[in-house]
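Enquirer: Pasting the sequence and the predicted model now:
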Amino acid sequence: MSTDSISGALSELPRQLARTQRFSLGVPRQVTVAEDGDRVIFVRTKTGEDRTACLWAIDGPGERLLVDPTSLEDEDEVPEPERARRERVREQARGIVMYSADRSASKIVFALGGGLWVASPDGQLRRLHGAESPVDPRIDRTGKQVAYVSNGSLHVHDLDDGTDRVIAAPEAPEVTYGLPEHVAAEEMHRVRGHWWSPDGTRLLVARVDNSPVNRWWISDPAAPSTPPREMFYPLAGTRNADVSLFVFDQDGSRTEVKWDRDAFEYLATADWDRHGPIVSVQSRDQRTLRTLAVDQATGKTALLFEATDAHFVRLVPGTPARTRSGRLVTVSDRDGARRLLVDAEAVTDDDVQVREVLHVEEETVWFVASTEPTEEHVWSWSPGEGAAPITRDPGIHTASVGGSTVVLQSFTERGKTCSVDGPMFRGTTIAVLEAAPIVDPIIRWFSIGPRALRTALILPSWYEAGAQKLPVLLSPYGGPAAQRVTRARHWHFIEAQWFADNGFAVLMADGAGTPGRGPQWEREIYGDVLSPVIADQITALEGAAEQCRDLDLSRVAIRGWSYGGLLALACVLRHPDVFHAAVAGAAPTDMRLYDTHYRERYLGHPDEHPENYSRCSPLYEAASLTRPLLMIHGIADDNVIVANTLRMSAALLTAGRPHEVLLLPSATHMATDPDVSVSIDLYELRFLERSLGLANESAR
């Protein structure tokens, strides 16, 4: 790359990251395949910089645009419960961001502009009258009725006669029907609260009573005329929402689903297949997970499977499920591996780590698994054939299945692709319209030390070995349930190349607690979510310096967001001899200020293990700061509340430790405003340059 090209990229890349929402726009998502495999539905924006998601279909040659939300009135109006749902799933796009289709994908429903809409592949589109501010509309599989939530009540709208009736109404302001509680949506992968029976005659419905839950009021000081927003947030060690489950008939009569809710207060999953309702429930300490079959007539439950662990049982998306013959599909930890189980028998080997069950078609199970932690592949298992990988190209792969049709989405170092294979779709592709990045990351992959830490090193595009020493910038997430070092052209690698071309060697490593390495690796952080992770980051840094002698270990910084921000803060406090500056974004500095399900999974109950919470809260180590520190936080963050950064700043001031704080007015846990996103990147860069003594060096 020429000097002029580098200069142009350095000035433009932060804006491109913001305009493309980190290269997520223009990418097909929420792919649905009809049960007979003859039609594919998906959402996608029209370009890599268009923020409005449209509804598309493929049921013949080429794609067809079904619904363009920009042609509809008030397409940007978002009810508060829907705004909260989007925040939980980190949804940033506008337009049609979620939909539901019947079994033939001939009727598709979605909420938009405060109204409820139904579309069909023949081009018909109509707004359903009587449905006000709908949230999470779900069409029954026969295509006759739509269930949705409005003001905490569960409604059913008949598509033939247009009647709209309330099936379940809240008995108090703190009660909702048909929606998940906070920890279910944020931590358990359960973003739904109601499920149709296959024949469309009954509904399985969650009732959430938030009255026992701690309340927060999230305000925006930049808008003092706006009243604070009340939020139910179960802090670690406090009471959770009271969640119960009912089978509802069309006339509103109900049958309660019965299980020991005192011993198993978490409703982890729910579904309704051809064999009836099936749920999984989890104990408060998360050491026991039970899969239960539900008798829809009586509400009685029968134990199908129980998983236990001395630390915690991981919830795996897509499980439990059942095959057509009724065989139970689960995932459980056995012999050091996370294995796929069919009727309690392990059907994957001990070198395969199962990450998600995608689909069960007849007796075949489609799932995602890893044998190498930097890759995720689509696999299938069927009786007689066993388990085998479908994809092999290094990268991150997933699939959607219906009948004999498979939509395969792949994300590699070359970018994203989406292909459709089936009797009607030989050689068909779905266009991926993501913008081409101004900068292509140049990644050096390492497996460092006796623990074989998967590590990525990004050097400046102008780098010449031996020409000069490079300051090092660690940019990990590093925490449980998330990876950064995987074989794909992720936005964070592109951003890392931008930092590199500004003069840094950027290093990312996935250490203790991260997925893909097996249950024992994940449980290494139980009781202490920082010390093992920090040790791995230091090992990766030292190992990378052995691989590349031009890394300057006298100038090392670390940056991160959320858990990554916590890690950055802890590193600079505990090891100022190794880390010479830190940027901590949205860092949870007080372990007691986060939710029950996530925090107690790794640290236990704070009343029983207060030492774990103190050990992992940098708030109590403020006097140790001797290096430059920048903390960034969105004022309206309702996941990691801004009180974490404000309390940390107060502790630093009390200890006489100088630091910088950048507060983001109106921003939540995601800084979605493009101008704000650009400013954050530039502010971080200038801070790091000053802190490591680069400000006076000549820029390339």
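Expert: Now that the structure is in, tell me what you want to look at.

Enquirer: Show me where the protein dips below the pLDDT cut-off.
Expert: Counting by pLDDT under 70, the ranges of the chain that qualify are 1-9, 73-77, 83-84, 88-90, 92, 695-700.

Enquirer: Report the residue ranges of every domain in it.
Expert: Following automatic domain parsing, one gets these domains for the chain: 42-169, 443-691.

Enquirer: any chance of the ones you listed in JSON lines, plus mean neighbour count?
Expert: (Each C-beta comes from the backbone N, C-alpha and C, glycine too.) Converted to JSON lines, these look like this (neighbours: other CB atoms under 10 Å):
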{"stretch": "domain 42-169", "mean neighbour count": "18"}
{"stretch": "domain 443-691", "mean neighbour count": "20"}
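
Enquirer: three-state assignment of residue 646?
Expert: Here residue 646 is recorded as helix under DSSP: H, G, I helix; E, B strand; the rest coil.

Enquirer: Next, the contact list for it, please.
Expert: Residues in contact with residue 646 (CB atoms under 8 Å, 6 or more residues apart in numbering) are residue 633.

Enquirer: how far out from the middle of the chain is stretch 465-472?
Expert: Offset of stretch 465-472 from its chain centre (CA atoms, centre = their mean, to the nearest Å): 36 Å.

Enquirer: Can you name the next helix or strand after whichever strand or helix holds residue 15?
Expert: Here residue 15 sits within helix 3-19, counting by DSSP states H and E. Where DSSP H and E defines the elements, the next helix or strand beyond helix 3-19 is strand 29-33.

Enquirer: where along the stretch 551-700 of the chain do the strands fall?
Expert: Under the criterion DSSP state E, counting those that start in this stretch, strands of the stretch 551-700 of the chain are mapped to 551-561, 581-585, 629-634, 660-664.

Enquirer: I figured residue 412 was touching residue 487, is that so?
Expert: Yes. Using CB atoms under 8 Å, residue 412 is in contact with residue 487, at 6.6 Å.

Enquirer: which neighbours do the two share?
Expert: Common neighbours of residue 412 and residue 487, using CB under 8 Å, 6+ apart, are 394-396.

Enquirer: picking up where we left off before, mind giving me CSV with the domains of the chain and columns for distance to residue 290?
Expert: Converted to CSV, these look like this (distance: least, CB to CB, whole Å):
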stretch, distance to residue 290
domain 42-169, 25
domain 443-691, 16
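
Enquirer: Looking at the strands of the stretch 551-700 of the chain, which is nearest to residue 364?
Expert: For these, the distance to residue 364 is smallest for strand 551-561, at 39.1 Å, taking CB to CB.

Enquirer: The closest one: how far from the chain's middle?
Expert: With CA atoms, centre = their mean as the basis, the mean position of strand 551-561 lies at 27 Å from the chain mean.

Enquirer: okay, the angle between that strand and strand 581-585?
Expert: 20 degrees (axes from the mean of the first three to the mean of the last three CA atoms, to 10 degrees).

Enquirer: Name every strand pairing with strand 551-561 and say which way it goes.
Expert: Here strand 551-561 is paired, per DSSP bridges, with strand 470-474 (parallel), strand 581-585 (parallel).

Enquirer: Would you mind telling me which of those is nearest residue 569?
Expert: strand 581-585 (4.1 Å).

Enquirer: Return the distance of that closest one from the chain's centre.
Expert: Relative to the centre of its chain, strand 581-585 is centred 23 Å away, using CA atoms, centre = their mean.

Enquirer: And for stretch 131-151?
Expert: 24 Å.

Enquirer: do the same with stretch 121-138
Expert: On the basis of CA atoms, centre = their mean, stretch 121-138 sits 27 Å off its chain's mean C-alpha point.

Enquirer: how about that stretch as PDB, C-alpha atoms only?
Expert: C-alpha atoms of stretch 121-138 as PDB (Å, rounded to 0.1, in the frame of the first residue of the first chain):
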ATOM      1  CA  PRO A 121     -44.600 -13.900  -1.700                       C
ATOM      2  CA  ASP A 122     -47.100 -12.900  -4.400                       C
ATOM      3  CA  GLY A 123     -46.500  -9.200  -3.400                       C
ATOM      4  CA  GLN A 124     -49.500  -8.700  -1.200                       C
ATOM      5  CA  LEU A 125     -49.000  -6.500   1.900                       C
ATOM      6  CA  ARG A 126     -51.500  -5.400   4.400                       C
ATOM      7  CA  ARG A 127     -51.600  -3.800   7.800                       C
ATOM      8  CA  LEU A 128     -53.600  -5.600  10.400                       C
ATOM      9  CA  HIS A 129     -56.100  -3.200  12.100                       C
ATOM     10  CA  GLY A 130     -56.600  -3.400  15.800                       C
ATOM     11  CA  ALA A 131     -53.000  -4.300  16.700                       C
ATOM     12  CA  GLU A 132     -51.400  -1.400  18.500                       C
ATOM     13  CA  SER A 133     -47.600  -1.300  19.300                       C
ATOM     14  CA  PRO A 134     -47.100  -5.000  18.700                       C
ATOM     15  CA  VAL A 135     -44.000  -6.700  20.000                       C
ATOM     16  CA  ASP A 136     -42.700 -10.100  18.900                       C
ATOM     17  CA  PRO A 137     -45.500 -11.200  16.500                       C
ATOM     18  CA  ARG A 138     -45.500 -14.900  15.800                       C
END
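
Enquirer: separation between residue 19 and residue 608?
Expert: Separation of residue 19 from residue 608 (CB to CB, to the nearest Å) stands at 48 Å.

Enquirer: What of residue 172?
Expert: Counting by CB to CB - residue 172 and residue 608 are separated by 31 Å.
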